[in-house]
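Colleague: Build the 3D model from these lines:
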Amino acid sequence: MQLSIIIVNYNVKYFLEQCLRSVEKAIVGIEAQVIVVDNNSLDDSIAYLQPKFRFAKFIANTENLGFAKANNQALPYCEGKYILYLNPDTIVPEDCFEKCIAFFNENEDCGALGIKMIDGSGTFLPESKRGFPSPIASFFKLTGLSELFPRSKIFNQYSLGYLSPFENHVVDVLAGAFLMAKSSLIEATKGFDESFFMYGEDIDLSYRIQQLGFKNYYFADSTILHFKGESTKKGSLNYVKMFYSAMSIFVHKHYSGNKARVFTLFIHGAILFRAIISLLKSFVLKVGLPLLDAVIIFLSLWEVKNEWIRWVRHGALFAIDNFPLTFFSFTIIYLITGALSGMYDNLDKPSKTFMSSLLGIIVMMAAYSLLPADLWFSRAVMIVGGFTACVSITIFRWILMQLEWIQPSDEEYKFQQTAVIGGNEEYEQVRNIFREAGLEERLLGRIRIDDDTRNTVGSVKDLKELLSRLNIKELIFCEGTLTNYLNIQLIQTLPKNISYRFIGSNTASIIGSDSKATVGEIVTAEGFYRINELYNKRMKRVVDVTFSLFLIITLPFQLFLVRHWFVLLKNIFKVITNQATWVGYTTEEISLPKIKKNVITCYGFPVASFHPLNKEAMHQLNIQYAKNYDFWQDVSILLRNYKQLGG
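Modeller: Numbers count the residues shown, from 1 in each chain. The predicted structure follows:
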């Protein structure tokens, strides 16, 4: 047998569905086996996928064993000359495996091979080729200097940014998302070191392969899609800690003496730096943004007043002298108006911040006109100061976006103009999924790749022009008439400001991810959920806070009305501090929009109580709750189950 493919899955059944469909096409003409190890997924991955892919062997774990241990679990079943470790959130082109095996045959010193990877927007993923994590390379990576200077041989040693991604190279480290190696070497190294739970195991394996006298190659002659990239939360402090933990294992295993001490010192310094940045980011986004906006507004009014006195009034002061109180009052009016008009709803849209700020100026001027005449000083100062604040706040938002402190929201995703590129039969397949999801009105039509003109809005030859002329914001690539190879090549030539989605032949899901920083987007027949809409998220929180305050105010009465009053107090504290919500799902749900842990279920029972319904019935209740969410429903459930609020 030529090839054994190992895929470890954890709660990504729809991504794995597309991955397996692409693998099925890529192993045609190759003697290969596919082994899927499921790490106790909660989304019914095995039940969903096993009937669809009879050619694959499925191993179901009863607990999450981690990436390394789960991969090793499949090794006794591998019979191929080569072993491929493949992530479930990938799509491979049809000729990928043949090209990789041919490269091995042409390069006898090749022990393992990685591949060129792009994310769901067509952007090259730098983790496709990496250097060893020396102390200085790790420090530059964790502090973010490698991202500031991506092509630097000094600052980006970790991702080898100075090496062309379009050429083959001998490299130190290959990514575990696609790592093909000679089975004899995997047997000699005994696979991944199970000391690593997440991150670092591919670095360690790459190092040990080199220790055996073989080379690791970055292979640029084929390209795969890897939707989630290296991590879904690369900038988080938790990621830094996990990376540090993995690097510590690697260092203590392979380094000693001063090298180990220097490495530890550098990593601790990087963690301290990231911790400060993380805390600052958390403060700005969760607490300090309105406060910082208030400072910007106040200082803008104050500075314009001073400059007005200097340049227009030639040093003559205004008659009133209580400017601090006056400007503070107008700052509050400006902020409240902006907030109510949506300034904090879409932080990733500076234009909306600008328009909300303009409305703040209008209301501020209306309030100014209501002041007694003896308190007037200068409408021009108010207008210029307000506009200065408006521009300054908008620029501030833009800076936060460039720093990636503010991530793009998907609030407008469901309103996007969508086109399908593929055959008419494939278009109907997409249309059926969109119809079931309640999204059919988004479909503009099909971009044809043949002479069939049914449901078409144009030809693939005019694709770039169509994207612009029809204002298409989402493009769905269909595998079938078009190959995965052509789809992967095409996406790399198209604009990056469009959402790209993919669907394989005979699959029931559409997947995508707009960057390596996102967790991925999925469209299935279950569709979109009202509970995910910004307005409903806000109103759910309003209900939680309002009801909690009511319980606090009437607490003496609640001690007689609600069972387990001490538990009630704990629940009030959790809800008021946003650690929990009053109403939520009947059971834990992976495939539905995430909400906080809840006290009462949408079925009306306390979370920990016995449910007279089976698992499938409870799942359907959760789907209906999420799809048709209305905050009045929460109010109704709370009133009907008042006595259960203490559990």
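Colleague: ok, Asp462 to Ser329 distance?
Modeller: In this structure, Asp462 and Ser329 are 57 Å apart, going by C-beta to C-beta, to the nearest Å. Heads up, the C-betas are built off the backbone N, CA and C, glycines and all.
Colleague: who has more neighbours, these two?
Modeller: Looking at Asp462 and Ser329 with other C-beta atoms under 10 Å, you find the greater number of neighbours at Ser329, namely 15 against 12.
Colleague: pLDDT wise, what is the more buried one at?
Modeller: Taken from the predicted model, the pLDDT recorded for Ser329 is 88.
Colleague: Tell me which stretches of the stretch 501-647 of the chain form helices.
Modeller: For the stretch 501-647 of the chain, helices defined by DSSP state H, counting those that start in this stretch occupy the ranges 534-553, 555-561, 565-576, 615-627, 631-640.
Colleague: what would these look like in CSV with distance to Asp172?
Modeller: Formatted as CSV, the helices of the stretch 501-647 of the chain follow (distance: least, C-beta to C-beta, whole Å):
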stretch, distance to Asp172
helix 534-553, 45
helix 555-561, 62
helix 565-576, 47
helix 615-627, 46
helix 631-640, 54
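Colleague: In CSV, list these along with mean pLDDT, mean neighbour count and distance to Leu317.
Modeller: What follows is the helices of the stretch 501-647 of the chain, written out as CSV (pLDDT from 0 to 100; neighbours: other C-beta atoms under 10 Å; distance: least, C-beta to C-beta, whole Å):
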stretch, mean pLDDT, mean neighbour count, distance to Leu317
helix 534-553, 83, 16, 44
helix 555-561, 76, 12, 53
helix 565-576, 84, 17, 47
helix 615-627, 80, 17, 60
helix 631-640, 87, 16, 52
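Colleague: between those helices, which gets nearest to Phe15?
Modeller: Distances from Phe15 to each of the helices of the stretch 501-647 of the chain were compared using C-beta to C-beta; the shortest belongs to helix 615-627, at 20.0 Å.
Colleague: Can you check what angle separates the closest one from helix 631-640?
Modeller: Going by axes from the mean of the first three to the mean of the last three C-alpha atoms, to 10 degrees, helix 615-627 is angled at 130 degrees with respect to helix 631-640.
Colleague: Around Asn432, count how many other residues there are.
Modeller: 13.
Colleague: ok, it to Leu443 distance?
Modeller: Asn432 sits 11 Å away from Leu443 when distances are taken as C-beta to C-beta.
Colleague: Output the below-cut-off pLDDT ranges for the stretch 301-450 of the chain.
Modeller: 407-416, 438 (pLDDT under 70).
Colleague: would you list every one of the strands in it?
Modeller: Listed in chain order, the strands of the stretch 301-450 of the chain (DSSP state E, counting those that start in this stretch) span 418-421, 443-448.
Colleague: can you put those strands in TSV and add mean neighbour count and distance to Ala580?
Modeller: Formatted as TSV, the strands of the stretch 301-450 of the chain follow (neighbours: other C-beta atoms under 10 Å; distance: least, C-beta to C-beta, whole Å):
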stretch	mean neighbour count	distance to Ala580
strand 418-421	25	36
strand 443-448	21	39
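Colleague: Turn these into CSV, including distance to Gly584.
Modeller: Below are the strands of the stretch 301-450 of the chain laid out as CSV (distance: least, C-beta to C-beta, whole Å):
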stretch, distance to Gly584
strand 418-421, 31
strand 443-448, 33
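Colleague: just so I know, which of those strands lies nearest Ala220?
Modeller: Nearest to Ala220 among the strands of the stretch 301-450 of the chain is strand 418-421; the distance by C-beta to C-beta comes to 25.6 Å.
Colleague: Tell me who's in contact with Thr388.
Modeller: Listed by C-beta atoms under 8 Å, 6 or more residues apart in numbering, the contact set of Thr388 reads Ser300, Glu303, Val304.
Colleague: Which of these fall within helices?
Modeller: Secondary structure defined by DSSP state H assigns Ser300, Glu303, Val304 of those to helices.
Colleague: just curious, which of those is nearest to Arg469?
Modeller: Minimum separation from Arg469 among the ones in helices among the contacts of Thr388 (C-beta to C-beta) is found for Ser300, which lies at 40.7 Å.
Colleague: Around that closest one, count how many other residues there are.
Modeller: Residues contacting Ser300 under the criterion other C-beta under 10 Å number 23.
Colleague: Per-residue pLDDT of it, please?
Modeller: 94.
Colleague: Give me the nearest residue to it, chain neighbours excluded.
Modeller: Counting by C-beta to C-beta, 6 or more residues apart in numbering, the nearest residue to Ser300 once its immediate chain neighbours are dropped is Ala389, at 3.8 Å.
Colleague: Please report how far the one you found lies from Val36.
Modeller: When C-beta to C-beta is the yardstick, Ala389 and Val36 sit 56 Å from each other.
Colleague: And stretch 356-372, what's buried?
Modeller: Judged by neighbour count (16 or more other C-beta atoms under 10 Å), stretch 356-372 contains these buried residues: Ser356, Ser357, Leu359, Gly360, Ile361, Val363, Met364, Ala367, Tyr368.
Colleague: among the residues you listed, which are in helices?
Modeller: Among the buried residues of stretch 356-372, the ones falling in helices (DSSP H) are Ser356, Ser357, Leu359, Gly360, Ile361, Val363, Met364, Ala367, Tyr368.
Colleague: From one end of stretch 595-605 to the other, what's the distance?
Modeller: According to C-alpha to C-alpha, to the nearest Å, stretch 595-605 extends 17 Å from its N-terminal end residue to its C-terminal end residue.
Colleague: List the buried residues for it?
Modeller: For stretch 595-605, the neighbour count (16+ other C-beta under 10 Å) marks Ile595, Lys596, Asn598, Val599, Ile600, Thr601, Cys602, Tyr603, Phe605 as buried.
Colleague: dump the residue contacts of the third one.
Modeller: Contacts for Asn598 were tallied using C-beta under 8 Å, 6+ apart; they are Ala580, Thr581, Trp582, Val583, Gly584, Tyr585, Val607.
Colleague: could you redo the last one with a cut-off of 6 Å?
Modeller: Remark: with contacts taken as C-beta atoms under 6 Å, 6 or more residues apart in numbering, Asn598 is in contact with Thr581, Val583, Gly584.
Colleague: hey, what's it bridged with?
Modeller: Asn598 forms beta bridges with Thr581, as assigned by DSSP bridges.
Colleague: starting at the chain centroid, how far to the helix of greatest length in the chain?
Modeller: Ranked by residue count and defined by DSSP H, the top helix of the chain is helix 257-282. With C-alpha atoms, centre = their mean, to the nearest Å as the basis, the distance from the averaged C-alpha position of helix 257-282 to the chain average is 25 Å.
Colleague: ok so, going back, ok, the contacts of Asn598 vs Ala137, which is closest?
Modeller: If you rank the contacts of Asn598 by distance to Ala137 using C-beta to C-beta, Thr581 comes first, at 43.2 Å.
Colleague: how many neighbours does that closest one have?
Modeller: The burial metric for Thr581, expressed as a neighbour count using other C-beta under 10 Å, is 19.
Colleague: before we move on, the earlier item: any chance of the ones in helices among the buried residues of stretch 356-372 in JSON lines, plus distance to Ile395?
Modeller: As requested, those are exported to JSON lines (distance: C-beta to C-beta, whole Å):
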{"residue": "Ser356", "distance to Ile395": "15"}
{"residue": "Ser357", "distance to Ile395": "11"}
{"residue": "Leu359", "distance to Ile395": "18"}
{"residue": "Gly360", "distance to Ile395": "16"}
{"residue": "Ile361", "distance to Ile395": "16"}
{"residue": "Val363", "distance to Ile395": "22"}
{"residue": "Met364", "distance to Ile395": "20"}
{"residue": "Ala367", "distance to Ile395": "25"}
{"residue": "Tyr368", "distance to Ile395": "25"}
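Colleague: Pick out the most distant pair among the residues you listed.
Modeller: In those, two members sit farther apart than any others by C-beta to C-beta. They are Ser356 and Tyr368, at 18.7 Å.
Colleague: circling back: please identify which of Ala389 and Val36 sits among more neighbours.
Modeller: Ala389 (28 against 25).
Colleague: Quick one: residues contacting the more buried one.
Modeller: Residues touching Ala389, when contacts are defined by C-beta under 6 Å, 6+ apart, comprise Ile296, Ile297, Ser300.
Colleague: Since that was my last question, I'll sign off now.
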